[in-house]
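Asker: what's the 3D shape of this:
(one chain, ligands or ions: 1)
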Amino acid sequence: MFQVFPTARLRPSPFFNSVMAEGCTSASIYNRMILPASFGDKEKEYWDLINGVVMWDVGVERQVQLEGPDASKLAQILSPRDLSKCKIGQGKYVPMCNHDGILINDPIMLKLRDDLYWFSIADSDIWFWARAIAAERGLNVTISEPDVSPLAVQGPKAPAVVSSIFGDWVHDLKYFWFSETEINGIPVAVQRSGWSKQGGFEIYLQDGTRGDELWSIVKEAGQPYAIGNGGPTSPERTESGLVSCGSDSDDTTNPFEVRLGKYIDLDVADDVVGIKALRLIKAQGPKRHQLGLALEGNIADPLSFHWEDILVDGKKVGDMTQCVWSPRLKRNIGYALISCSCKVGDSVTLLRSAGREIKASLVDLPFL
Ligand code: THG
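Answerer: Below you'll find the model as predicted:
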């Protein structure tokens, strides 16, 4: 049996023991933590998400906390989305860019107080980044990692499970809004969020010593709904058109290229990191865009490693950044990061592993 030795460099989530006891069979690494991927039956895990309810250890969605008199100021400086109307108790999806307007992370930001924010980050080191920016700007703010670990409950039956634990008020939570509460004395925040389009919540555990307890509470409340195990599901997120920053993007990708332009407010103040570059990129017009790929062939043929070339007339026009078998569409689907000269409806050639050429057509996102 393969064993993982959690160390300072590979932190176990508070749910790690529960996850192992449930029979986790595969995982990946994200934010220097273990992200459970499967418990042995990916097909079941997918259909549980689509038709029922699943629980996922997403402790890898680590929090970068900004606290202090300049917390609001720094939050806005870090994000080219206008946060001026964000209320306490509200969350927002906020792409983060570097000074060149390149996408470096796409956190969900939670505003807990006027002087307290969490950035629930994707896979890159934002603590360093936030501290460097705060120091350079002379801001009065403390950046730390709080003891916070999200547990996702996703799927059409998630509201029934989560309301049976916390009460009917969870039905009234608006998208990305959250509320701090407790269950059996375990402090949590409950948010209407999660990395799927099947609906659901994330329960942010605020005491890492009580992960197994919270896991059991959710598992038990989920029994009447046959709650399943799993992890963020590639086929569902691809069908749904969700972006995976760092997978669908690289260190040349700006947010407009991966359909995140709607979260960029070009008239935020000039001191927002990257805003000048983003205005320029916008003014010059996009060079690449993200489209869907519908591949020929009827056997599962996932992306073998990282990106694969997309060709037209033998010339490279873009990259296939994601490819999975879609159980609902019953074909391989993917994402193209491709020249704007290529449009929906065009057919392209994919250069796949072992030199195989596969035909695909460009389609609108999301697929479903
Ligand atoms: N939950 C929490 N933290 C996270 C993630 C999460 N941190 C890392 C990663 N996921 C961040 N990335 C995303 C990407 C997309 C969405 C959420 C987090 C998302 N997008 C919707 C969409 O694109 O349709 C809606 C965005 C909107 O309209 O505001 O949900 O999952 N805690």
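Asker: Can you spell out which residues form a bridge with the nearest residue in space to Ile108 that is not next to it in sequence?
Answerer: When the adjacent residues along the chain are set aside, Ile108 lies closest to Ser120, with 4.5 Å between them (CB to CB, 6 or more residues apart in numbering). Every residue, glycine included, has its C-beta placed from N, CA and C. Beta-bridge pairing for Ser120 (DSSP bridges): Gln63, Ile108.
Asker: Next to the ligand, which bits of the stretch 151-300 of the chain? Give me the list.
Answerer: 193-195, 202, 242-243 (CB under 6 Å from any ligand atom).
Asker: Among the residues you listed, which ones are in helices?
Answerer: Among those, no member is found in helices (DSSP state H).
Asker: ranking these by neighbours, who comes first?
Answerer: Compared across those, Glu202 has the highest neighbour count, 26 neighbours, by other CB atoms under 10 Å.
Asker: Do I have it right that that one meets Val58?
Answerer: Yes - assessed by CB atoms under 8 Å, Glu202 is found in contact with Val58 at 7.0 Å.
Asker: if I look at these two, which residues touch both of them?
Answerer: 150-152 (CB atoms under 8 Å, 6 or more residues apart in numbering).
Asker: Just the closest of those to the ligand, please.
Answerer: For these, the closest approach to the ligand (CB to the nearest ligand atom) belongs to Pro150, at 4.9 Å.
Asker: so how many other residues sit close to the closest one?
Answerer: Neighbours of Pro150 (other CB under 10 Å): 26.
Asker: cool, the one 4 residues further on as well?
Answerer: In terms of burial, Gln154 registers 28 neighbours under the definition other CB under 10 Å.
Asker: mind listing what the spatially closest residue to it that is not a sequence neighbour touches?
Answerer: Excluding its sequence neighbours, the residue lying closest to Gln154 (CB to CB, 6+ apart) is Gly200, at 3.6 Å. Gly200 sits next to 53, 152-155, 158-159, 162, 192-194 when contact means CB under 8 Å, 6+ apart.
Asker: can you put those in JSON lines and add secondary structure?
Answerer: Shown next, in JSON lines, are the contacts of Gly200 (DSSP: H, G, I helix; E, B strand; the rest coil):
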{"residue": "Val53", "secondary structure": "coil"}
{"residue": "Ala152", "secondary structure": "strand"}
{"residue": "Val153", "secondary structure": "strand"}
{"residue": "Gln154", "secondary structure": "strand"}
{"residue": "Gly155", "secondary structure": "coil"}
{"residue": "Ala158", "secondary structure": "helix"}
{"residue": "Pro159", "secondary structure": "helix"}
{"residue": "Val162", "secondary structure": "helix"}
{"residue": "Arg192", "secondary structure": "coil"}
{"residue": "Ser193", "secondary structure": "coil"}
{"residue": "Gly194", "secondary structure": "coil"}
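Asker: how about the strands in the stretch 201-350 of the chain?
Answerer: In the stretch 201-350 of the chain, the strands defined using DSSP state E, counting those that start in this stretch lie at 228-230, 288-295, 308-312, 315-326, 331-339, 347-351.
Asker: One more: the stretch 51-200 of the chain?
Answerer: Counting by DSSP E, counting those that start in this stretch, the strands of the stretch 51-200 of the chain are 54-57, 63-67, 91-93, 96-97, 103-105, 108-113, 116-120, 142-144, 149-154, 178-183, 186-191, 200-205.
Asker: hang on, Pro14 is in a helix, isn't it?
Answerer: No - assignment of Pro14 by three-state DSSP gives coil, placing it outside any helix.
Asker: Find the residue closest to Ser347 in space, skipping its chain neighbours.
Answerer: Closest to Ser347 by CB to CB, 6+ apart is Ser361, at 5.0 Å.
Asker: Hmm, the one you found is touching Ile310, no?
Answerer: No - under the criterion of CB under 8 Å, Ser361 makes no contact with Ile310, lying 11.5 Å away.
Asker: shared neighbours, these two?
Answerer: Joint contacts of Ser361 and Ile310 (CB under 8 Å, 6+ apart) are 293, 348.
Asker: Of the two, which one has the most company?
Answerer: Neighbour comparison, Ser361 and Ile310: the larger count goes to Ile310, with 26 against 15 (by other CB under 10 Å).
Asker: Who does that one form a beta bridge with?
Answerer: Gly318, Leu350.
Asker: ok, now how distant is it from Gly246?
Answerer: 20 Å (CB to CB, to the nearest Å).
Asker: ditto for Met109
Answerer: 18 Å.
Asker: again with Ile165
Answerer: From Ile165 to Gly246 the distance is 32 Å (CB to CB).
Asker: Tell me which of those two has more neighbours.
Answerer: Using other CB under 10 Å, the more surrounded residue of Ile165 and Gly246 is Ile165, with 21 against 17.
Asker: check contacts around Asp319.
Answerer: Asp319 sits next to 307-310, 336-338 when contact means CB under 8 Å, 6+ apart.
Asker: coming back round to it: kindly calculate the angle that the strand or helix carrying the residue nearest to Ser347 makes with strand 315-326.
Answerer: Secondary structure from DSSP states H and E places Ser361 in strand 357-363. With axes from the mean of the first three to the mean of the last three CA atoms, to 10 degrees as the basis, strand 357-363 and strand 315-326 are set at 80 degrees to each other.
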